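In: Sequence plus the predicted model coming up.
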Amino acid sequence: MGSVPAVEFNPKFFDDKFGDIETRMKVLKMYPKEFAEAYIAYKKGKLNNKDTLEGGTWEGNKQGSTWWLLDPACAFKINLNNSDVPLLINTCTKILDLDEAQDLDRRKMMQQLLKIIIQKLPLDKNGDLIFDVDEAKDIHNNTVMMLRRAVGVDVMTTFADVDVADLADTRSTTTKDELEKVERTVYNEAGVSHSLFNADSNLALEKAALVDEASIRDLILGFDELYCRILRRKFPGNKKYCLHFNMLETTINNYKEMSKMYKEHTQLGYSKMLPQIALGHSQSSIIAMAHFENEVLKLSEIMIPPLMSSTMSSQDVLGARGQGNQ
């Protein structure tokens with residue numbers, strides 16, 4: 001099978017997912033025929049398939065297994081980094097940690113906005129109260145009424161000494177770095193540089209984009225192989241033609257550079273379509289526009305670009321010399 005992975009399916013899925021037999025049969029009819037055959041073999045306890053592949057016979061699942069090897073000529077699987085583990089599965093727990101850290105940081109910010117006005121009532125030289133309890137209560141209530149419209153301000157009236165011990169670091173940069181550390185952990189688990197979304201410099205953004213494009217390249221190559229297999233099945237090769245599917249590795253970040261590179265290749269006699277395709281134009285629109293401009297509007301006879309050494313033919317040179325000798 002080469003680089004094409006084998007795909008197995010567990011028919012037990014239909015029993016676990018659909019308890020009603022009528023619903024189960026309706027769903028089975030929506031799948032290809034081999035899924036129904038695998039389900040019948042599973043119910044009979046005979047789920048043991050063998051498929052003859054290139055290079056010999058590959059034995060499928062052993063007797064009693066609930067896994068069925070799908071037809072390698074039709075089944076196809078695309079994954080990244082040659083792993084069946086979901087790409088961003090490791091970020092789930094880290095996102096929960098980030099959510100908790102952001103909630104804690106939000107409460108810290110709200111706490112920093114709060115203010116407490118402390119009224120310490122005086123004592124005489126013997127340490128006795130100058131004001132009685134009712135007078136102290138009136139003083140406290142008067143201050144509260146005066147500040148009733150103030151936002152985030154509380155009032156405390158006391159006869160004792162008050163001291164607040166802050167266990168946190170008063171430096172704001174330390175608190176900010178703690179939250180950024182949790183954010184960086186999410187990106188690290190995702191395998192994506194945080195510079196891709198919050199770049200510190202142009203160079204960091206460029207390198208982060210290259211790493212991200214490299215990780216998605218396997219996906220593009222997988223789709224190339226998938227559509228090529230579809231073309232081979234639908235249009236078997238013969239002596240007249242052979243179809244091939246290819247996806248250009250262009251992104252929103254590199255399409256301008258790719259178009260310029262394809263243009264340079266055109267000057268060497270390579271494809272004239274690739275520069276336009278890299279810019280997002282379809283092949284049919286390129287051909288239609290060229291026919292409309294050259295055959296209908298005759299722009300090729302009116303808008304003649306200046307000749308250069310890279311585009312000038314030998315006939316042009318000889319013709320120019322011939323006209324000069326007359």
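Out: Done, it's in.
In: Which residue of the chain lies farthest from its centroid?
Out: residue 126 (73.7 Å; Cα atoms, centre = their mean).
In: Wasn't it part of a strand?
Out: No: using DSSP: H, G, I helix; E, B strand; the rest coil, the assignment for residue 126 is coil, not a strand.
In: Tell me where the model's unsure across the stretch 151-300 of the chain.
Out: Residues of the stretch 151-300 of the chain meeting the criterion pLDDT under 70: 162-177, 191-204, 237.
In: And the strands in it?
Out: Along the stretch 151-300 of the chain, counting by DSSP state E, counting those that start in this stretch, strands occupy 153-158.
In: What of the stretch 1-150 of the chain?
Out: 8-9, 50-53, 56-59, 68-69, 115-120.
In: The longest one vs strand 153-158, what angle?
Out: Going by axes from the mean of the first three to the mean of the last three Cα atoms, to 10 degrees, strand 115-120 is angled at 20 degrees with respect to strand 153-158.
In: Name the residues that touch strand 115-120?
Out: Outside strand 115-120, the residues that touch it by Cβ atoms under 8 Å, 6 or more residues apart in numbering are 139-140, 143, 147, 152-162. Backbone N, C-alpha and C define where each C-beta goes, glycine included.
In: domains in this protein, as residue ranges please.
Out: Following automatic domain parsing, the chain resolves into domains at 8-69, 91-184, 205-316.
In: Compare the ones you listed and report which one is nearest to residue 80.
Out: domain 205-316 (5.3 Å; Cβ to Cβ).
In: next one: that closest one to chain centre, how far?
Out: On the basis of Cα atoms, centre = their mean, to the nearest Å, domain 205-316 sits 26 Å off its chain's mean C-alpha point.
In: before we move on, the earlier item: filter the contacts of strand 115-120 to the buried ones?
Out: 140, 155, 157 (16 or more other Cβ atoms under 10 Å).
In: Pipe the domains of the chain into TSV and attach distance to residue 76 per row.
Out: Below are the domains of the chain laid out as TSV (distance: least, Cβ to Cβ, whole Å):
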stretch	distance to residue 76
domain 8-69	13
domain 91-184	27
domain 205-316	5
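In: Nearest to residue 83, out of those domains?
Out: Evaluated over those, closeness to residue 83 peaks at domain 205-316, with 10.4 Å, by Cβ to Cβ.
In: Longest helix in this protein, please.
Out: helix 202-234 (DSSP state H).
In: tell me the contacts of the residue nearest to residue 178 when sequence neighbours are not counted?
Out: The spatial neighbour of residue 178 that comes closest, neighbours along the chain excluded (Cβ to Cβ, 6 or more residues apart in numbering), is residue 101 at 7.6 Å. By Cβ under 8 Å, 6+ apart, the residues touching residue 101 are 178-179, 182.
In: Extract the C-alpha trace of stretch 242-253 and format it as PDB.
Out: Only the C-alpha atoms of stretch 242-253 are listed here, as PDB (Å, rounded to 0.1, in the frame of the first residue of the first chain):
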ATOM      1  CA  CYS A 242      -3.600  10.700 -17.900                       C
ATOM      2  CA  LEU A 243      -5.200  13.000 -15.300                       C
ATOM      3  CA  HIS A 244      -3.400  14.300 -12.200                       C
ATOM      4  CA  PHE A 245      -4.600  16.600  -9.400                       C
ATOM      5  CA  ASN A 246      -2.300  19.000  -7.600                       C
ATOM      6  CA  MET A 247      -3.000  21.700  -5.000                       C
ATOM      7  CA  LEU A 248      -0.600  24.600  -5.000                       C
ATOM      8  CA  GLU A 249       1.000  25.300  -1.600                       C
ATOM      9  CA  THR A 250      -0.200  28.900  -1.500                       C
ATOM     10  CA  THR A 251      -1.500  30.600   1.700                       C
ATOM     11  CA  ILE A 252      -2.700  34.100   2.500                       C
ATOM     12  CA  ASN A 253       0.900  34.900   3.600                       C
END
